[in-house]
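predicted coordinates and the sequence they were generated for:
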Amino acid sequence: MLAYALIPCLPLLAALVLVLFGTRLEGRGHRLVIPAGAAAFFLSGALFVEVASNGPVTIHLYRLLDVGNLQVDAGFYVDELTVVLLLLVTGVSAVVQVYAGRYMVGDARHSRFFALTALFTAAMTVLVMSSNLLLTFMFWEVMGLCSYLLVSHYGERANAARAATRVFLVNAVADVGLLCGVILAFTTFGTLDIPEILKQTQSGLDIPGNTATALTLCLFIGAMGKSAQLPTHAWLPLAMEAPTPVSALIHAATMVNAGPFLLVRLSPLIVLSAPGMTVIAAVGAATALFGAVVSLTQTDIKRTLAYSTISQLGFMVFLCGVGAFAAAIFHLLAHGCFKAFLFLSTGNVLTSTRRRFDLPAPAKPAVGTLLPWALALALVPPLVIFSGAYSSLWLSQGFNSARIALWLVGLGTVFFTAAYLFKGFIAAFHTDVTGAMPGQRVRPSPASAGPLLAITAVTAVLVSVLLFSWQGFAVFLSPALANPVGVSVALPAATADRPLPLWLALPLMVALLGLGFAYVQARKSTGGAVPVWKQRLYVFFLNKGYFDELYDAFIVRPAQNSARWMWRAIDRDIVDRLVLSLGTGSMGIARRLGRIDMAVDRHVGSVGSGSVSLAHWLRRIVDAGSIEKTVDSLGRSIDTSGHAAQRMEPRTLQHHLLVVVLLLVAALAFFYLIAG
Amino acid sequence: MGTFFSEHLLSVMIAVPFLGMLALAAVRGRTPVLATTLAVTLVNLALACVLWSRFDLADRGMQFVERAQWMPTFGIEYAVGVDGISLLLVLLTSMLPPLCVLASWQSITSRLKAFMMLILLVEGAMLVVFTALDAFLFFMLWEVTMIPMYFMIVLWGGPNRIAAGLKYVIYSLAGSLLLLVGILGLSLQAGTFDIASLATHEYSPTSQRWIFLALFLGFAIKLPMLPFHTWLPDAHSEAPTAGSVLLAGMLLKMGGYGLIRFCLPIFPDVATYYAPALLWLSVAGILYGGYMALAQSDLKRLVAYSSVSHMGFVTLGIFSLNNEGIQGAILQMMTHGITTGAMFLIVGQLYDRTHSREIADYGGLYKTMPRFVAILSLFAVASFGLPATSNFIGEFLILVGVSAHHFVFVVLAMGGIVLGAAYMLWMLQRVALGTARTDVAGQLTDIGQRELLTLVPLVIAVLGIGLYPGPLLEAMDSSVSYVVAQLGAVQGQP
C-alpha cells in the first residue's frame, strides 16, 4: 500500500533534485521529470485497478499535529473519486511535460519550469488523495504557489509580474473562506479526517442547519477562488501570462478543477444545506453564461480559451449545485482532456508575444484539427445533463425549479460555446498571411505527434465511456458521492433505455445555431451599421464586464493609498508623536538641567580659576612655588574634568537618566500604594 | 567530568558565551575573532541539541534544574531549569547567533571584536532569561539584553541610529521599570522570588489586577503590542543586520515568554478577565501591522511592521488560554524568529551590495540574482504563513485556539494573513520581478557560498517544521497542558 505514496513522492523528488542541482542540469530537467510523471501515472493506473476491485484504500503516513483536542494525521484516502482524478492529473501532467520538453527548449529558466511543474503535480496528487482537510488545504495552497511562480515565469515583463501578484492575491482572499471552513469543520465534527467527517454526515449526525450552511459557504468560497467563479474569476485570464504548457496543465486541465473536486469530495456534507446548494448553483450558472459570452468577444486566443475555461468550470459548479455530482466529475474529466488539447495545439502556432487569431499559413492545418475537438467540447455539457440521470436527485432536494434553470443555462452555454469556438475557427482560416510581422518565427509544431495522440486516445476512451457506459461511470463513482436518504443514484432503467438521438437532438441543434450565429457574424463584420445597444453590449463584454477595473478602483488602489495615508497620519503623526512628545518634554527638562549643569560647571571653573588667582596671590605673598604648582594643577584638573563631563554626556544620556528617575519615582509611588 | 557535564549542562551552556567573550579579548586579527565567535556559538548550538536529546518529553515540570544561593538576605538565588516552553526558545536562541556571525563576516568593518562580544553577550543573557527560575535573575538579565542591543544600534547602525537607539532605550526602560514594579509587587506579597512559588501564592484581589497590568505592559512593550510598537520599525531599520536578526529573532520573544511564564500561571483569573479585550487588541495589532507594512517603501521597515502583525498572532494565541492557542503561540514565536531572521539576513545581503533599503531602488533581480530571488520568495511566502512552511502550523493552531472564543477573531486574523500576502508579494513584484530600476540593481552578483550557508539552515528549518512539526509540539505539549490545566482549574473547565 505504501508504494502508492510514491505517486506524489516521485514528482516531488524530481522537483527537489532540480531545485538543488538545477544549474548543473540546466536544459535537461525534463529527462528527470517525465519519467517521474510517467511512473506516477502508471502507479495511478495500478491504484485504479486496486480500488475498482477492492474498494477504498487508506494509507497512513505520520502524525502531523497532536495538540489538545486536535489530531491531524497526514495520510491518503483513495476512493473511486480520487482515483479518477489521479488518472487525469498524472496523465495530463505527463503529456504536458513531454510536450514542454520540446516547447521549452532554450528557455533561460528551463530547470525552474520543470521543477515547478513537477512540484505542482506532486501537490495536486496529494490534494486529491489527502485523507485530511488540513492536508488538503496545505497542498491547495502549495498548488497556488506553483501557479504564482509559473505565471511569473517571464517575470521581466511588467504584465506578467503584475498578473502573478494578482493571481495569488485573489486566491488568498478566497482561501480565507476555505481555511474558515476547515476550522469550522473541526469545531463541528471534532476531527478533520475526511472519511470520518463523511461517515458522521452520512450516519445522520444532527448538525444545525445554519452550521451546515456556513460550512458549505465557507468551503465554496475557497472553491470559487480556485475555480475562477464570479466574481473572483478575473485571475484566470491574467494567468495566461504563463508559458502555454502551464496554461494547459494548471489553468485548464487540473488545478482549476480543485473547486468542483472539493465540492464533490464533501458532497454528503454539502447536500445538508439547501441554501448553500442554491448559492452554488446560482454562482455556477452565472459564471457559465458570463464566461461564454465574454469568450465570444475576446480577440486574444489564450484569453478566449481562459474565458471558455471559466464558463465550463461554472458549468461544473452548477452541476454540483443541483446535486449532479457524477455529471460534474464526468464533465471535469472530459473538459480537462479537451482543454489541455486545445491549449497545446494553440501553443504550436503561437509565440509568446503574438497571440492574435491572424495566424500565419503554416499553422492552419494545426488549427484545422481544432474543429472536431471544439465541437466535442461544446457538446459535452448537454450530453451530460440531458442524460437525465439526476433529475430525481435535485427534485428530492427541493429544487423544483432547478430543472428549467438547468435546461436554460445548459442550452445557453452550448449556444455561446459553439459560437465562440467556431468563431475562432473561422478567424484562423480567413486571414491572410501578409499580416504576419517580419521576422516572426512560427514554431514548427514541436510535439504534434506523441502527446496530442495520447490526449486523443484518452478523449476517445472518455467519449466511448460516455456513449456506452455512462451509467457504469455513475455507478462506479456513486459510493464516493452524496447518497441522501431515499434517493437512488443508480439510473432508473427508463432513462438508460432512452434512445440516444432523441436527447442529443436538442443540444445539437442549439450548437448548430451557435455555429450559424458565429458564421453570420463573421460575414457581417466587414461592414454595416450596428445598433448602439449592441455596440454597448459588445464593449461591455469585450472589457470582461469591467471586473478588473472595478477591483482596481475599489480595492487595490484604495488599499494601497489608505495604507500610506494611515502610516503617515496615524502611525507617525499620532502614535509616534505621543512618544516623541514624551521625548521632547524630557528634552526641555534636560535643557534646564543642562543649564544648571553649566552653572555648576561655571562654579567649578570659577573655583578653579579662583584657586589659580589665589595661588598667584599666595605666590606673590609667600613665593612658595611648590604650593602654587599643586593648587594650579588641581584647579586645572577640576576645570577640565568639568568640561569633560559635559562633553561626555550627550543629550541622550541625560534623557535616559531622567526617564529612569521619573519612572522610578512613579514606580515607587505605585508600589507604595499597592503595598500599603 | 562526565557527571559534572550532565549535572551542570544548563550552566555550562550559559557560561559558554560569557567565557567566549573573555576568550575574545585575547584574540587578535579579523579572521581569528570571527572564527572564535563562530566556534563559541556553534558549541552552544551543539549543547542545545544535547539538551534537547536528553529532555524528558513526559515531564511537565522543570528539568536540568540547578540552584545556588546568590543573595540569601533577599531570598534571591541563581536558579535555572528548562521545561518544554523554555526548550524551544533556548533552541532558537542557540540557532540564530552563528548565522549572525556569518552575516557580519564582511559587513561589520569597524570595532569587530566589540560587535562579536555584544552578540555573545546577547546570547548568554537571553539563555538566562529563558531558563531563569528566579524572578530577580530573570529581571536582571532581561535588563542586560537591552544594553548590547542599544550599542549595536548606536555604534553600527544606519543614518538615524542615535534617534532610533534613544527611542529603543526609552521604550525598553519604561517597560522594564513596569516589570520591576510588578516583580517587586509579587515578591513583597509572596515573600519569595521563586517563580514556581509565586504562582501558588494567593494575592489580594485589588493588587492582583495592578500587578498583572504592570507585568503585562512590561511584556507588551517588548513584544511589542499595538500601541507600543513604534520603537520597533526604527530600531529594526537602523540596526545592522545581525542586530535586526537578534532583535526580531530573539529579543521580542522575551515578551511572549514572559506572558506565558508570569501572567498566565500567576494570575489565571485576571488573565481570563482581561482575555477578551486583549484578543481584540491582538487582532487590531495583526491588521494594523499588516496595513502599515503595505505602506512601507523601505524593506527593513516592511519586515519590521510585519513583525508587529505576527506578534499580534502570538498574543492572540496566548490569550486564547487553551492548549492549541498557546502551543501555536510558542511555535509562532519560534518560526517568526526563523522567517523574520531570514528576511533580515536577506535584506542585509542586498544592503551589503547597494547600501540601499529602498524597494524602489531594485527591480529585476530575478534575472541577475536567481538564487537570491528563490530564497527571498520562499521566506516571503513563509512569512505570511503559506501552508507547508513553518509559520502556517503556528498560525493554524492559534486560529483553532481562538475559534473556541469567537469565530470573528478567526476571520479578522485571517484578514491579517491576506494583508501579509499582499505586502510580501507586492514587495516581491517590485524587487524581484520587472526590470531593474537603477543601474546598480542591474549589475548585482548573485549570493555566494557564505551567504548561502547563512540561509540554508533556515530554509531547512522552515520546510522541516512546516511538514513535520511533531517533535517540537511534543516537546512542549506536557508543559503547556500543565499551564492550561492551571488556567482551567480557575475557570472551572475540564
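Sure, I can see it.

how much space is there between A:Val98 and A:Ala46?
Distance check for A:Val98 against A:Ala46: by Cβ to Cβ, to the nearest Å, it reads 21 Å. (Each C-beta comes from the backbone N, C-alpha and C, glycine too.)

now do the contacts for residue 412.
No chain in the question, so chain A it is. A:Gly412 makes contact with A:Ala288, A:Leu289, A:Ala292 under the criterion Cβ atoms under 8 Å, 6 or more residues apart in numbering or on different chains.

hm, I was asking about chain B
B:Leu412 sits next to B:Val283, B:Ile286, B:Leu287 when contact means Cβ under 8 Å, 6+ apart.

same thing with B:Ser94?
B:Met13, B:Thr41, B:Asn44, B:Leu45, B:Leu47, B:Ala48, B:Glu123, B:Leu127.

among these, which one has the most neighbours?
Neighbours here mean other Cβ atoms under 10 Å in any protein chain shown. Within these, the largest count is held by B:Glu123, at 30 neighbours.

so that residue, which of the three states?
Using DSSP: H, G, I helix; E, B strand; the rest coil, the secondary structure recorded for B:Glu123 is helix.

hang on, it packs against B:Ala15?
No. Using Cβ atoms under 8 Å, B:Glu123 makes no contact with B:Ala15, being 11.7 Å away.

out of the contacts of A:Gly412, list just those in helices.
Within the contacts of A:Gly412, membership in helices is found for A:Ala288, A:Leu289, A:Ala292, as judged by DSSP state H.

closest to A:Asp107 out of the residues you listed?
The closest of these to A:Asp107 turns out to be A:Ala292 (Cβ to Cβ; 33.6 Å).

just to check, the closest one is in contact with A:Phe315?
No. A:Ala292 is beyond contact range of A:Phe315, at 9.1 Å (criterion: Cβ under 8 Å).

picking up where we left off before, in CSV: the contacts of A:Gly412, plus pLDDT, neighbour count and distance to chain B.
Formatted as CSV, the contacts of A:Gly412 follow (pLDDT from 0 to 100; neighbours: other Cβ atoms under 10 Å in any protein chain shown; distance: Cβ to the nearest Cβ, whole Å):
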residue, pLDDT, neighbour count, distance to chain B
A:Ala288, 85, 29, 28
A:Leu289, 84, 21, 29
A:Ala292, 82, 28, 31
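
with respect to B:Gly255, which of the residues you listed is nearest?
Each of these was scored against B:Gly255 by Cβ to Cβ, and A:Ala288 proved nearest at 52.5 Å.

next, the contact list for the closest one, please.
When contacts are taken as Cβ under 8 Å, 6+ apart, A:Ala288 is in contact with A:Ser311, A:Gln312, A:Gly314, A:Phe315, A:Phe318, A:Val409, A:Gly412, A:Thr413.

among the residues you listed, which are in helices?
A:Ser311, A:Gln312, A:Gly314, A:Phe315, A:Phe318, A:Val409, A:Gly412, A:Thr413.

what about the second one, how many residues close to it?
The burial count assigned to A:Gln312 is 32, neighbours taken as other Cβ under 10 Å.

pretty sure it contacts A:His331?
Yes. Because the distance of 7.3 Å satisfies Cβ under 8 Å, A:Gln312 is recorded as touching A:His331.

can you give me the strands in chain B?
Remark: strands assigned in chain B by DSSP state E are B:63-71, B:76-82.

quick one: contacts of the last one?
Strand B:76-82 is touched from outside by B:10-11, B:14, B:51, B:55, B:62-71, B:90, B:128, B:131-134, B:136-137, B:193-194, with contacts defined as Cβ under 8 Å, 6+ apart.

got the angle for it vs strand B:63-71?
Between strand B:76-82 and strand B:63-71, the angle comes out at 170 degrees (axes from the mean of the first three to the mean of the last three Cα atoms, to 10 degrees).

overlap in contacts, A:Ala292 and A:Phe315.
Taking Cβ under 8 Å, 6+ apart as the contact rule, A:Ala292 and A:Phe315 both touch A:Thr413.

can you tell me which helix or strand of chain A has the lowest average pLDDT?
Ranking every helix and strand in chain A by mean pLDDT, DSSP states H and E puts helix A:493-497 at the bottom, with a mean of 39.

tell me the contacts of A:Val176?
A:Val176 makes contact with A:Ile221, B:Val411, B:Met414, B:Gly415, B:Ile417, B:Val418 under the criterion Cβ under 8 Å, 6+ apart.

show me the shaky parts of chain B.
Low-confidence regions of chain B, defined by pLDDT under 70, span residues B:1-2, B:489-494.

same question but for the stretch 251-400 of chain A, I mixed them up
Screening the stretch 251-400 of chain A residue by residue with the criterion pLDDT under 70, one finds the ranges A:345-400.

so which residue of it comes closest to chain B?
Nearest residue of the stretch 251-400 of chain A to chain B, counting by Cβ to the nearest Cβ: A:Ala258, 13.9 Å away.

pull the helix or strand hosting that residue out as CSV, backbone CA atoms only.
Element membership of A:Ala258 [criterion: DSSP states H and E] is helix A:258-265. These are the backbone C-alpha positions of helix A:258-265, laid out as CSV (Å, rounded to 0.1, in the frame of the first residue of the first chain):
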residue,chain,number,x,y,z
ALA,A,258,-9.9,21.7,-7.5
GLY,A,259,-13.1,23.6,-6.7
PRO,A,260,-15.6,21.2,-8.1
PHE,A,261,-13.4,18.3,-6.8
LEU,A,262,-13.7,19.8,-3.3
LEU,A,263,-17.5,20.2,-3.6
VAL,A,264,-17.9,16.6,-4.8
ARG,A,265,-15.4,15.2,-2.2
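
sounds good, over and out.
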